[in-house]
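Peer 1: 3D model of this:
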Amino acid sequence: IIPANDSVRLLSAVLERMNYSKLYAAYSRMGRIETSPKRLFKVLVYGFMNGIYSSRKLEQACRRDVNFMYLLGREKAPDHATIARFRSQRLTQIIDDLFAQLVRLLADVGELSLSSVFIDGTKLEANANRYSFVWKKSSQKHEQKLQETMKRELPTLVKAFHLRLYLGETIKVQHLKKLRKRLKTLQHKEGIRLVHGRGQRKSPLQRALEKVEEYLVRQKRYDDYNHSLGDRNSFSKTDRDATFMRMKEDPMKNGQLKPGYNATIAVDAEYIVAARLSQERSDSQTLIPILKELKPLGYTKPVADAGFESEENYTWCEENGQTAFIKPANYEQAKTKTYKSDIGKRENMLYDAASDSYRCHQGHPIRAAYEKKTKSKSGYTIITTVYTCIECAGCPHKAQCIKGTSKTPLEDRNKNLYVSKPFLRQRQEMQDRIQSPQGILLRMNRSIQVEGAFGVLKEDMNFRRFLLRGKVKATTEFLLLCMGYNLNKLHNKIQSARCGSYLHPLKAA
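Peer 2: Predicted coordinates:
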């Protein structure tokens, strides 16, 4: 019934070549395995190939679809609970190895160039309630108010019951637990009965106990929030690994933030060779981690768009033998007439290397005043030289040269330039590199291959939102999706006789 060139036969043949020893090791030796883990894995990947992600729909397909029956062999169809348990429990620690095996199989048959790799990221919505947000600033503000209230009221409470308790600058959970324990001891010692309900009069000790209990519950909640937040500014209560981000899909047109993950993929010869989920909203912090994953495969030419540009990324590529092709963030803007005629831009000022100074539009020198050091989120040190002009008073071009909002009046302000010299050198080298014939070819392929891959994942395969909660389970789901994409791409290349092609050629002018 199934045609010889059907994608299900290709999937079965390719996945048969993989080693499943780690997958079988995830099962207990004491239990009985109803459905073969290898066959369950095939069913899951084939479901993702065809846009079937729900465990209940997969169960239905195993009972009705001949292609799924072919993958199961003589085994009976698994129920949705078995499929869901397999995906969320068994695969989570093994999926990285299985995905890496598939990439190595593609490399062994000559389908990957193992030279240039195209990197991009997109935001995918998490399986979390949209209005379940916790904001870091709001949480810290309420915690500070609680601390002030406790510092004001607890000393009076302790003194009223003749207790001794040390309260430091920050009142912690253990301090409140200790105070509650001493109040409980005092209650049992004096034989005070706690009362509740209408018409009952609470004793001062009971009121003190309830107040300490309330403070304890609230402080525990804020400690829990701080632990979940970490370096992030927000998280969702229903999926604490998800961060609130601005999605490309905005049906309300109001810039609403939704809980999600930053999904980054690396594509070579139209195949996804690396994929990872990040809680970072910015793409610039995701480049180095994915390049470290690609290092064992031997890639030396990462190609990325302007969102990945940073001094830290440039420096890492230089130190690790990577010839990067990253479009500068101001590449398109610098071509405009408005940018070229802006007298306040450093790029439109003359630079004198001998005196290490710039000349403004009026001809006044802008000299180096001092250097300042800052650290990126990952700890990379950036040294910035600050240039200052001391002859701005009375300049007729001051309003056009000095821009930005400040509480200081314009007449009292001087022109400042903040310049990272290593970053300027790296950006100029990158500018020359991406304008070379090789750079033009790779940039054109980046927009076709990696953005095309996201187009297929989100539009053709209709994957817009994760079904599983938590970063580990969502990563499992995303890698299954990427494996399904790769097998679909291999099948399409075989059918169209395009195997072994890595780059799309430039069209003749």
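
Peer 1: Which positions within the helix or strand of the chain with the lowest mean pLDDT qualify as buried?
Peer 2: Using mean pLDDT, DSSP states H and E, the weakest-scoring helix or strand in the chain turns out to be helix 398-401, at a mean of 88. Going by neighbour count (16 or more other Cβ atoms under 10 Å), the buried part of helix 398-401 is 398, 401. Using the backbone N, CA and C atoms, a C-beta is placed for each residue, glycine as well.

Peer 1: now residue 479, what's its secondary structure?
Peer 2: helix (DSSP: H, G, I helix; E, B strand; the rest coil).

Peer 1: What does the pLDDT read for it?
Peer 2: Looking at residue 479, its pLDDT reads 97.

Peer 1: residues contacting it?
Peer 2: Neighbouring residues of residue 479 by Cβ atoms under 8 Å, 6 or more residues apart in numbering: 95-96, 98-99, 275.

Peer 1: Let's see that with 10 Å instead.
Peer 2: The neighbours of residue 479, taking Cβ atoms under 10 Å, 6 or more residues apart in numbering as the test, are 48, 91, 95-96, 98-100, 102, 272, 274-277.

Peer 1: Take those residues and keep only those in helices.
Peer 2: 48, 95-96, 98-100, 102 (DSSP state H).

Peer 1: What is the nearest of those residues to residue 191?
Peer 2: residue 95 (60.7 Å; Cβ to Cβ).

Peer 1: Hmm, the closest one is touching residue 88, no?
Peer 2: No. Residue 95 lies out of contact with residue 88 (Cβ atoms under 10 Å); the separation is 11.1 Å.

Peer 1: These two: which has the busier surroundings?
Peer 2: residue 95 (22 against 18; other Cβ atoms under 10 Å).

Peer 1: Pull the contacting residues for the more buried one.
Peer 2: 23, 41, 87, 472, 475-480, 482-483.

Peer 1: Of these, just the buried ones, PyMOL syntax please.
Peer 2: Buried members of the contacts of residue 95, defined by 16+ other Cβ under 10 Å, are picked up in PyMOL with:
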select buried, resi 23+41+87+475+476+477+478+479+480+482+483
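
Peer 1: right, and the helix or strand after the least confident helix or strand of the chain?
Peer 2: With elements assigned by DSSP states H and E, the helix or strand that comes after helix 398-401 is strand 416-419.

Peer 1: Show me which residues of the following helix or strand past that following strand are buried.
Peer 2: Once the chain leaves strand 416-419, the next helix or strand it forms, by DSSP H and E, is helix 421-434. Judged by neighbour count using 16+ other Cβ under 10 Å, the buried positions of helix 421-434 are 423, 426-427, 430, 434.

Peer 1: And for stretch 127-135?
Peer 2: 127-128, 133-134.

Peer 1: Not counting its own residues, what contacts that stretch?
Peer 2: 141, 221, 224-225, 228-229, 232-244, 256-260, 465-470, 473-474, 477.

Peer 1: rerun at 7 Å
Peer 2: Residues outside stretch 127-135 that contact it (Cβ atoms under 7 Å, 6 or more residues apart in numbering) are 225, 233-239, 242, 244, 258-259, 465-469.

Peer 1: what ranges of this structure fall below the confidence cut-off?
Peer 2: For the chain, the stretches with pLDDT under 70 are 30-32, 508-509.

Peer 1: and the closest residue to residue 202 other than its chain neighbours, what element?
Peer 2: Excluding the flanking residues, the one nearest residue 202 by Cβ to Cβ, 6 or more residues apart in numbering is residue 195, at 6.2 Å. Per DSSP H and E: residue 195 is located in neither a helix nor a strand.

Peer 1: start to end distance for stretch 401-409?
Peer 2: From its first residue to its last, stretch 401-409 covers 14 Å (Cα to Cα, to the nearest Å).

Peer 1: could you pull out the strands for this protein?
Peer 2: 116-125, 133-135, 234-236, 243-246, 257-268, 271-278, 301-304, 325-326, 350-352, 357-359, 365-375, 381-388, 416-419 (DSSP state E).

Peer 1: List the strands paired with the last one, with their directions.
Peer 2: Read that as strand 416-419. In the sheet containing strand 416-419, its partner strands are strand 381-388 (antiparallel), by DSSP bridges.

Peer 1: now do the third one
Peer 2: The strands beside strand 234-236 in its sheet (DSSP bridges) come out as strand 133-135 (antiparallel).

Peer 1: And for the fifth one?
Peer 2: Strand 257-268 sits in its sheet next to strand 116-125 (antiparallel), strand 243-246 (antiparallel), strand 271-278 (antiparallel), going by DSSP bridges.

Peer 1: ok so, going back, is it possible to get JSON lines of the strands of the chain that adds distance to residue 445?
Peer 2: Listed next are those as JSON lines, based on distance: least, Cβ to Cβ, whole Å:
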{"stretch": "strand 116-125", "distance to residue 445": "6"}
{"stretch": "strand 133-135", "distance to residue 445": "39"}
{"stretch": "strand 234-236", "distance to residue 445": "36"}
{"stretch": "strand 243-246", "distance to residue 445": "28"}
{"stretch": "strand 257-268", "distance to residue 445": "9"}
{"stretch": "strand 271-278", "distance to residue 445": "13"}
{"stretch": "strand 301-304", "distance to residue 445": "7"}
{"stretch": "strand 325-326", "distance to residue 445": "10"}
{"stretch": "strand 350-352", "distance to residue 445": "35"}
{"stretch": "strand 357-359", "distance to residue 445": "38"}
{"stretch": "strand 365-375", "distance to residue 445": "35"}
{"stretch": "strand 381-388", "distance to residue 445": "31"}
{"stretch": "strand 416-419", "distance to residue 445": "33"}
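
Peer 1: residues making contact with stretch 239-250?
Peer 2: So stretch 239-250 is contacted by 123, 125-128, 133, 228, 232, 234-236, 255-261, 279, 281, 469-471 (Cβ under 7 Å, 6+ apart).

Peer 1: Just the buried ones from the residues you listed?
Peer 2: Using 16+ other Cβ under 10 Å, the buried ones in the contacts of stretch 239-250 are 123, 125-128, 133, 232, 234-236, 258-261, 279, 281, 469-471.

Peer 1: Same list, the contacts of residue 95, but as TSV with distance to residue 441 please.
Peer 2: Output for the contacts of residue 95, formatted as TSV (distance: Cβ to Cβ, whole Å):
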residue	distance to residue 441
23	40
41	38
87	40
472	38
475	32
476	35
477	34
478	29
479	30
480	32
482	25
483	28
